[in-house]
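K.L.:
predicted coordinates and the sequence they were generated for:
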Amino acid sequence: MPRQIDAVVLAGGKARRMDGDDKGLVLLAGQPLIVHTLNRLKNQVTRILINANRNGDRYAEFGHQVISDGNLDFAGPLAGILSALHHTSAELLLVVPCDCPQLPEDLLPRLLAGLEQENAELAIACDAQRSHPVVMLLRTELKQAIADYLSTGERRVEHWCQSRKLAKVSFADKPGAFTNLNTKDELTQWEQTNH
Ligand SMILES: Nc1nc2c(ncn2[C@@H]2O[C@H](COP(=O)(O)OP(=O)(O)OP(=O)(O)O)[C@@H](O)[C@H]2O)c(=O)[nH]1
């Protein structure tokens with residue numbers, strides 16, 4: 001039987017560098033930023049959750065279930081991942097941020113291949129420069145481990161990833177695939193380069 005894999009798009013941050021505007025909803029080339037990300041994901045998984053801590057009604061218009069961090073509001077991306085793990089019965093969860101408009105369309109199969117080859121608990125994406133720990137595929141059985149980590153007051157997603165059996169999957173052949181947009185200037189620059 002094929003594996004069930006759900007995805008969560010993290011849009012639950014404070015977006016301070018975006019002047020506090022809700023990052024998933026800022027417009028890029030005429031569409032909310034998260035729509036670019038959703039378009040990259042929609043052919044890769046059957047079910048997508050959107051994790052957002054404000055403007056839930058707006059996010060619901062995109063046609064996917066919206067979840068918040070609950071009582072862990074704004075505790076960082078791991079809190080969003082934990083919330084998604086509470087809302088899935090899938091075996092694996094694909095995690096992406098809302099601000100990466102050029103995510104690879106073969107993200108899932110490549111992360112899955114890396115995870116299986118190394119019999120890892122989670123696989124994170126890397127490019128030629130660095131790792132991107134909020135672009136990951138993880139086994140949902142890690143839910144308790146994340147809850148335990150957060151309950152100690154720790155928040156660091158990369159630190160947590162390093163503490164588990166981790167596969168790093170290279171996308172060095174796709175420069176710019178994980179370009180993320182954090183400021184209004186970066187949105188403008190991206191529009192000028194890509195349109
Ligand atoms: N659920 C949830 N997601 C978060 C939280 N903080 C960051 N994220 C998400 O994690 C991804 C990377 O976040 P950053 O860009 O580092 O943080 P940000 O809050 O969005 O932006 P800055 O405040 O400008 O750093 C984005 O998709 C965020 O929406 C949080 O507290 N909860």
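P.N.:
Good, I have the coordinates.
K.L.:
residue nearest the centroid of the chain?
P.N.:
residue 96 (1.7 Å; Cα atoms, centre = their mean).
K.L.:
what kind of secondary structure is the nearest residue to residue 20 once chain neighbours are set aside in?
P.N.:
Leaving aside its chain neighbours, residue 20 sits nearest to residue 14 (6.9 Å; criterion: Cβ to Cβ, 6 or more residues apart in numbering). In short, each C-beta sits where N, CA and C put it, glycine included. Look at residue 14: counting by DSSP: H, G, I helix; E, B strand; the rest coil, its state is coil.
K.L.:
so residue 14 touches residue 52, yeah?
P.N.:
No - in terms of Cβ atoms under 8 Å, residue 14 does not count as a neighbour of residue 52; the distance is 11.8 Å.
K.L.:
Three-state assignment for the residue nearest to the centre of the chain, please.
P.N.:
strand.
K.L.:
which residues does it contact?
P.N.:
By Cβ atoms under 8 Å, 6 or more residues apart in numbering, residue 96 lies in contact with 7, 8, 9, 10, 37, 41, 103, 107, 134, 135.
K.L.:
please repeat the previous calculation with a cut-off of 6 Å.
P.N.:
Taking Cβ atoms under 6 Å, 6 or more residues apart in numbering, we find residue 96 in contact with 9, 135.
K.L.:
give me the pLDDT for it.
P.N.:
For residue 96, the pLDDT comes out at 98.
K.L.:
what of residue 74?
P.N.:
71.
K.L.:
just residue 2 next, same as before
P.N.:
59.
K.L.:
near the ligand, which residues of the protein are found?
P.N.:
When proximity is defined by Cβ under 6 Å from any ligand atom, the chain lies next to the ligand at 10-17, 23, 51, 69, 74-77, 79-80, 97-99, 134, 182.
K.L.:
looking at residue 14 and residue 52, which one has more neighbours?
P.N.:
Using other Cβ atoms under 10 Å, the more surrounded residue of residue 14 and residue 52 is residue 52, with 26 against 13.
K.L.:
burial measure for the closest residue to residue 195 other than its chain neighbours, as a count.
P.N.:
In space, not counting the residues next to it along the chain, residue 195 is nearest to residue 29; the distance is 5.6 Å by Cβ to Cβ, 6+ apart. Counted with other Cβ under 10 Å, the burial measure for residue 29 works out to 13 neighbours.
K.L.:
much appreciated, bye for now.
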